[in-house]
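# Below is the sequence, then the predicted model.
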Amino acid sequence: MTKRIRNHHAFTLIELLVVILILAILAALVVPNLVNKTGDAKIAKAKSDIATLSSLLAQYRIENDKYPSTEQGLQALRVQPSDAPNWRGPYSQKELPPDPWGNEYVYQAPGPNGEDFIIVSYGADGAPGGMNDAQDITSQ
């Protein structure tokens, strides 16, 4: 009588658990680094947006001899204010973006310390002050 040898090619439960454990350890090491990179990317995006808005405001000032008032805000870059007869906008072809955390950029002219203007993103918490992702990012 001939014996048939069964040759099963399958993973045991222990082998599967070892692979899952290795993947979990790798995820625990990689995910925190990715989260930090996301925060850094949002801060860099806010700085870039503020620099772009500052350039658009400089162009507005050249043509209108003044910056928009705090009341007119950054929307003066898209919609002509009544006191800007030399307005040649819109200065931005796209809608003005919110900050990377979904809040509006705060614009004040003149700035609190005598600057011509200041643009601020309050960061992840949307409130003045803070540290890390919640730090304020300003044009000054």
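Ah, there it is.

# if I look at the residue nearest the centre of the chain, how far off is residue 122?
Closest residue to the average C-alpha location of the chain: residue 100 at 2.6 Å, with CA atoms, centre = their mean. From residue 100 across to residue 122, the span is 12 Å (CB to CB, to the nearest Å). Just so you know, the C-beta spots here come from the backbone N, C-alpha and C atoms, and that holds for glycine as well.

# Overlap in contacts, those two.
Residues touching both residue 100 and residue 122 by CB atoms under 8 Å, 6 or more residues apart in numbering: none at all.

# rewinding a little: my read: the residue nearest to the centre of the chain touches residue 42, true?
Yes. Taking contacts as CB atoms under 8 Å, residue 100 lies within contact range of residue 42: 3.8 Å.

# what sits against the residue nearest to the centre of the chain?
Counted by CB under 8 Å, 6+ apart, residue 100 has contacts 41-43, 45-46, 49, 121.

# at 6 Å what do you get?
By CB atoms under 6 Å, 6 or more residues apart in numbering, the contact list for residue 100 reads 42, 45-46.

# Low-confidence stretches in this structure?
Within the chain, the stretches falling below the threshold (pLDDT under 70) are 1-9, 33-37.
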